[in-house]
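*Asks:* got a predicted structure plus its sequence, pasted below:
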Amino acid sequence: MTEDKIVRNWIERASYDLETAKSMLEAERYLYVGFFCQQAIEKLLKAKIAQFGTGPPYIHNLIRLAEMAGIFNDLTGQRKDFLGQLTIHAVQSRYGDFEGDISEVLKPIEAEDLLEKTKELFEWLRAKLN
């Protein structure tokens, strides 16, 4: 597979995950809004890494991926903080130790805010891929 095709595949999967996050919000499956938001940003960062001709690592830490993608220093402080916040959702939604109800993990307003911030960051990262 050519480098361009690999990058396109990462972008396509990232877009798919962002659309899934939107669907999860509509379905009131808030835990998975966080998971798919994290996945969308992870895959865009891996697309950027793939542009360098290297295979992205098998990690989920968005801050580390942003560093490897060469865009970490371009991020505002708020976006860096958001990457840290979003990283937690990769593991929490799959392996979280829930003491309470699953619906307490991510409340509707939090899920909505997470999705909005993800869409903004997604567009910013997407522009970095052109």
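*Replies:* Nice, thanks for sending it over. Numbers count the residues shown, from 1 in each chain.
*Asks:* which elements pack onto whichever strand or helix holds Lys117?
*Replies:* Taking DSSP states H and E as the definition, Lys117 sits inside helix 108-128. Packing contacts for helix 108-128, counted by 3 or more CB pairs under 8 Å, 6 or more residues apart in numbering; DSSP states H and E, involve helix 3-26, helix 30-50, helix 77-95. (C-beta placed from N, C-alpha, C; glycine too.)
*Asks:* helices and strands around the second one, which ones?
*Replies:* Just to be clear, that refers to helix 30-50. Helix 30-50 packs on helix 3-26, helix 62-68, helix 77-95, helix 108-128, going by 3+ CB pairs under 8 Å, 6+ apart.
*Asks:* then that helix to PDB, C-alphas only?
*Replies:* The C-alpha coordinates for helix 30-50 follow below in PDB (Å, rounded to 0.1, in the frame of the first residue of the first chain):
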ATOM      1  CA  TYR A  30     -22.200   8.800  26.600                       C
ATOM      2  CA  LEU A  31     -19.400   6.600  27.700                       C
ATOM      3  CA  TYR A  32     -18.800   5.700  24.000                       C
ATOM      4  CA  VAL A  33     -18.900   9.400  23.000                       C
ATOM      5  CA  GLY A  34     -15.600   9.800  24.900                       C
ATOM      6  CA  PHE A  35     -14.100   6.600  23.500                       C
ATOM      7  CA  PHE A  36     -14.900   7.500  19.800                       C
ATOM      8  CA  CYS A  37     -13.800  11.100  20.300                       C
ATOM      9  CA  GLN A  38     -10.400   9.800  21.500                       C
ATOM     10  CA  GLN A  39     -10.200   7.400  18.700                       C
ATOM     11  CA  ALA A  40     -10.900  10.000  16.000                       C
ATOM     12  CA  ILE A  41      -8.100  12.200  17.300                       C
ATOM     13  CA  GLU A  42      -5.700   9.300  17.800                       C
ATOM     14  CA  LYS A  43      -6.200   8.200  14.200                       C
ATOM     15  CA  LEU A  44      -5.700  11.700  12.800                       C
ATOM     16  CA  LEU A  45      -2.400  12.000  14.700                       C
ATOM     17  CA  LYS A  46      -1.400   8.600  13.400                       C
ATOM     18  CA  ALA A  47      -2.200   9.800   9.900                       C
ATOM     19  CA  LYS A  48       0.200  12.700  10.400                       C
ATOM     20  CA  ILE A  49       2.900  10.300  11.700                       C
ATOM     21  CA  ALA A  50       2.300   8.100   8.600                       C
END
